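In: Structure, please.
(2 chains)
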Amino acid sequence: MTQSRAAWYFAWALLAPAVLYIVIIVAWPLIETVRLSFTNASLRRTYDYVGWINYQKIFDRDFLEIILRTFTWTFFSVLLKMVIGTFGAVLLNCAVPGRHVFRLLTMPPWIVPMAIGIFMWGWMYNGQFGMISGLLQRFGFVDGPVAFLAYGHSAYWATIVTDVWIGVPMVTIYFLAAIQSIPRDLYEAAWTDGASRWMRFRRITMPLMAPAVITMSMLSLIATFNSFDIIWILTQGGPSGETTTMIIDTYATAIGSKKYGEGAARAVVICLFLSLFCIAYFRMTRRLAGTDKA
Amino acid sequence: MTTLAQKSLIGLVLAASTALPAMADDISWIYCGDRIDPVHEKYIAEWEAANEGWTVTPEVVGWAQCQDKATTLAAAGSPVAMAYVGSRTLKEFALNELIVPIPMTEDEKAAYYPHIVDTVTFEGTQWGVPVAFSTKAFYWNKDIFEAAGLDPETPPKTWEEEIAFATQITENTDVAGYGLSAKTFDNTMHQFLHWVYTNNGQIIDADGNITMDSPEVLAALQAYKDIVPYSVEGATAYEQNEMRAIFLDGGVGMLQASIAAAFRASDTDMNWGVAKLPVGPSAEGPGTLLITDSLAVFSGSGVEDKAIEFAKYITSPDIQLEYEMSPDAGLTPLRPSEKVDQLITEQPYWAPYVEGIAFGGPEPLFTDYKGFQNVMIEMVQSVVTGSAEPQEALTKAAAELEDYK
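Out: This next block holds a predicted model:
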């Protein structure tokens, strides 16, 4: 055996556990899902291949509405997380007394188990016992109880607010780290040149934070697009399907109605969208890495 | 004998003895809830003692997941022997050959209250053994009635009175008249079916024809629409237990609820009453939806016959009654008996739960129960939120149900 061939075998031996892991955990379930998506698999122990029928069903009016809702829900949620996260990071970076305490105080939404946090919001949205409705009544903004999860529009925004509450701490901490990595010299030079606080933020902080913002936006986009727990616990996709997103619809189809074939087709569509996001993410990170080198 | 051989022999004996319990025949049981009821625990031990070599292994799974877990395991080809399931799913399981029939003798059938056996019967065969039974009754807060100028001792007997009383409460007090629950949740459909069965309505007939688009069901949907303005604000945000909490907190005057509401109301200082559900214009007597949960025996476990034997044992009249009367269960009795009569005499709030059974209707059986449930919830919510008129919503839903029967 030549030395190069031995090195080749050794390299593959080292890679083998990782390859095996990927095949078992990722590739095989993915291939199986794609295969299932072309069948009419249900509770029956046998099934037939049905071609593209499950995919044709996807493109009815209801599912197109669900796709659109998923995108708008994701867009608003990510946008709010980025905006609030940026302001939060800037504020936490200020040289104010006790800022370490404030930094710690941003963490609870992230630390509290997600389901508990969501149930807490569920109670806050409750019209009869909820804090928000109570405060609105106390200060005379409304005459009677307001059940936020009762109506399509308010339930839609209520789920977004909860998702933002859970997602903001991670974004804030990530952005804070990005801000802290900006060299102080730049701010001192700008200050010496008479740049205002706003100018320093716009011309130094924002451009140098941009890679972090883009990276976090893409990661957040992927996580938010697949967000299941929040909507399921708060509304189960209701009322009247007004908070049903693609992942909720996929769960309801595959697990709820036991239409595993149809559910798999929906899962494949989600996977395609997420793949596009991932490709965009990798391209952007590569471009940003190129910019850094230049 | 060498030391190695001695050690090997000891090892073999130890391995064999520790493996023995695992080799014994076992009936695995998915048990829905937070913990095993002490009554079941006691009788499992007794059954095991009487059936040497057999064990029963209940696995406690929360209500939200237990149905899906049993189904998924069966669909994956590794079924549990027995599971606690909503009887509504039996048709779906039976058609997909996931469960085995559990035929009842004529004597066994006759022991139950009317229509109970119907909840587990499909194509003339029983597919489960009823283990839990729920009916609904009407609750009212007497103090709120008095404050609204109503007679606190006279509950409404008809829908017309119910809507009129709800109007009077809403207009004369600062609480809502009625607790209508219409959340995206399974009991939204159940709540509506109580209205259907108190008006002699029907969803699907014995031959599998969708009969929902009828004057009786339309009247129920119209009554829903009429009572919405006098109900707790935001009905689509609440399921029945959340509405019960509002009632117990004095936030609503009237409610339809299970016996558990009586247990909880007894612990408050609220002045309350319980009566039969008000009836619609086409009713022939007091009605209610009859919901049962059953023990289903899955095919392919290898212990089907013994599981059936155990299911019948654990639901036999004396054990079942003891379970129903245990403080945590809060279940309507499945069978009439002297003890039930005595219970009604001692605790009269049980009476309306039993009186509604004769004219009640079983939960409809569909091949895709979730699909059916979603259609019903969508129909109710569209009327409650005002996005559809009752007739329009009913016709649409009835057409959609054809896909799930």
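In: Domains in chain B, by residue range?
Out: Here the domain assignment for chain B is B:7-134+B:291-353, B:137-287+B:366-401, based on automatic domain parsing.
In: quick one: terminal-to-terminal distance for the shortest one?
Out: Domain B:137-287+B:366-401 has its terminal residues 28 Å apart, counting by Cα to Cα, to the nearest Å.
In: what comes up buried for stretch B:36-53?
Out: For stretch B:36-53, burial by neighbour count (16 or more other Cβ atoms under 10 Å in any protein chain shown) applies to B:Asp37, B:Val39, B:His40, B:Tyr43, B:Ile44, B:Trp47, B:Glu48, B:Asn51. Using the backbone N, CA and C atoms, a C-beta is placed for each residue, glycine as well.
In: Same check on stretch A:223-237?
Out: If you call a residue buried by 16+ other Cβ under 10 Å, then stretch A:223-237 has these buried ones: A:223-227, A:230-237.
In: and what of stretch B:217-237?
Out: Residues of stretch B:217-237 classed as buried by neighbour count (16+ other Cβ under 10 Å): B:217-224, B:226-228, B:230-237.
In: can I get the CA coordinates of that stretch in CSV?
Out: Extracted C-alpha coordinates of stretch B:217-237, given in CSV (Å, rounded to 0.1, in the frame of the first residue of the first chain):
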residue,chain,number,x,y,z
VAL,B,217,-78.4,21.5,13.4
LEU,B,218,-79.1,24.9,11.6
ALA,B,219,-81.2,25.9,14.7
ALA,B,220,-78.3,25.0,16.9
LEU,B,221,-75.9,27.1,14.9
GLN,B,222,-78.4,30.0,14.8
ALA,B,223,-78.7,29.8,18.6
TYR,B,224,-75.0,30.0,18.8
LYS,B,225,-75.0,33.2,16.7
ASP,B,226,-77.9,34.6,18.8
ILE,B,227,-76.1,34.0,22.1
VAL,B,228,-72.7,35.4,21.1
PRO,B,229,-73.5,39.0,21.9
TYR,B,230,-74.4,38.0,25.4
SER,B,231,-71.4,35.7,26.0
VAL,B,232,-68.0,36.2,27.4
GLU,B,233,-66.1,38.5,25.1
GLY,B,234,-63.7,36.6,22.7
ALA,B,235,-65.3,33.2,22.7
THR,B,236,-62.7,31.9,20.2
ALA,B,237,-60.0,32.4,22.9
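In: Once you drop chain neighbours, what's closest to A:Ile118?
Out: With Cβ to Cβ, 6 or more residues apart in numbering or on different chains as the criterion, A:Ile118 has its nearest non-adjacent residue at 4.4 Å, and that residue is A:Ile233.
In: Residues in contact with the helix or strand where that neighbour lies: which ones?
Out: Element membership of A:Ile233 [criterion: DSSP states H and E] is helix A:229-234. The contact list for helix A:229-234 (Cβ atoms under 8 Å, 6 or more residues apart in numbering or on different chains) reads A:114-115, A:118-119, A:121-122, A:125, A:149, A:155, A:158-159, A:162-163, A:166, A:237, A:243-245, A:248, A:251.
In: Could I get the contacting residues of whichever residue of the stretch 51-200 of chain A sits closest to chain B?
Out: The stretch 51-200 of chain A approaches chain B most closely through A:Ala147 (2.6 Å), counting by Cβ to the nearest Cβ. Counting by Cβ under 8 Å, 6+ apart, A:Ala147 touches A:Tyr125, A:Asn126, A:Gly127, A:Gln128, A:Ser133, B:Glu233, B:Gly234, B:Thr236, B:Ala237, B:Tyr238.
In: just curious, which of these is nearest to B:Phe185?
Out: When the contacts of A:Ala147 are compared for distance to B:Phe185 (Cβ to Cβ), B:Tyr238 wins out at 8.7 Å.
In: any idea how far the closest residue to that closest one other than its chain neighbours is from B:Leu289?
Out: Excluding the flanking residues, the one nearest B:Tyr238 by Cβ to Cβ, 6+ apart is B:Ser181, at 4.8 Å. With distances taken as Cβ to Cβ, to the nearest Å, B:Ser181 is found 14 Å from B:Leu289.
In: circling back to that earlier point, would you check how far apart the residue nearest to B:Tyr238 and B:Ala393 are?
Out: 17 Å.
In: Those two: who's more crowded?
Out: B:Ser181 (28 against 22; other Cβ atoms under 10 Å in any protein chain shown).
In: Check which helix or strand the most centrally placed residue in chain B maps to.
Out: In chain B, the residue lying closest to the centroid (Cα atoms, centre = their mean) is B:Ile291, at 3.8 Å. Secondary-structure assignment from DSSP H and E places B:Ile291 in strand B:289-297.
In: again, but for B:Tyr224
Out: Per DSSP H and E: helix B:215-227 holds B:Tyr224.
In: Return the mean pLDDT over the helix or strand just after that helix, rounded to an integer.
Out: Per DSSP H and E, the first helix or strand lying C-terminal to helix B:215-227 is helix B:240-248. Helix B:240-248 shows a mean pLDDT of 94.
In: List the contacts of the helix or strand just after helix B:240-248.
Out: Helices and strands here follow DSSP H and E; after helix B:240-248, the next one along the chain is strand B:252-257. Here strand B:252-257 makes contact (Cβ under 8 Å, 6+ apart) with B:136-141, B:144-145, B:148, B:155-156, B:162, B:165-166, B:169, B:173, B:175-179, B:191, B:194, B:231-232, B:240, B:243-244, B:246-247, B:261, B:277.
In: Would you pull up how far strand B:252-257 lies from the middle of the chain?
Out: 19 Å (Cα atoms, centre = their mean, to the nearest Å).
In: ok, that strand: who's next to it in the sheet?
Out: Strand B:252-257 sits in its sheet next to strand B:137-141 (antiparallel), strand B:176-178 (parallel), going by DSSP bridges.
In: Could I get the buried residue list for the following helix or strand past that strand?
Out: Past strand B:252-257, heading to the C-terminal end, the next element that is a helix or strand (DSSP H and E) is helix B:259-266. Buried residues in helix B:259-266, counted by 16+ other Cβ under 10 Å: B:Ile259, B:Ala261, B:Ala262, B:Arg264, B:Ala265.
In: got it, and stretch A:63-76?
Out: Judged by neighbour count (16+ other Cβ under 10 Å), stretch A:63-76 contains these buried residues: A:Phe63, A:Ile66, A:Ile67, A:Arg69, A:Thr70, A:Trp73, A:Thr74, A:Phe76.
In: quick one: which of those residues sit in helices?
Out: Of the positions in those, A:Phe63, A:Ile66, A:Ile67, A:Arg69, A:Thr70, A:Trp73, A:Thr74, A:Phe76 sit in helices, assigned by DSSP state H.
In: Among the residues you listed, give me the pair with the biggest separation.
Out: By the measure Cβ to Cβ, A:Phe63 and A:Phe76 form the most distant pair in these, at 20.5 Å.
In: check contacts around residue 79.
Out: Here I'm looking at chain A. Contacts of A:Leu79 by Cβ under 8 Å, 6+ apart: none found.
In: The intended chain is chain B.
Out: For B:Pro79, the contact set (Cβ under 8 Å, 6+ apart) comprises B:Ala70, B:Leu73, B:Leu98, B:Phe298, B:Ser299, B:Gly300, B:Ser301.
In: can you do 7 Å?
Out: Neighbouring residues of B:Pro79 by Cβ atoms under 7 Å, 6 or more residues apart in numbering or on different chains: B:Leu73, B:Leu98, B:Phe298, B:Gly300, B:Ser301.
In: top of these by neighbour count?
Out: When neighbours are taken as other Cβ under 10 Å, the top entry among these is B:Phe298 (25 neighbours).
In: which phi and psi does the residue of the stretch 1-150 of chain B found nearest chain A have?
Out: Per Cβ to the nearest Cβ, B:Asn96 is where the stretch 1-150 of chain B lies closest to chain A, at 3.9 Å. Main-chain dihedrals, B:Asn96, degrees, to the nearest 10: phi -100, psi 10.
In: Tell me the spacing between it and A:Asn54.
Out: Applying Cβ to Cβ to B:Asn96 and A:Asn54 gives a distance of 19 Å.
In: returning to that earlier point: closest to A:Leu208 out of the contacts of A:Ala147?
Out: A:Tyr125 (38.7 Å).
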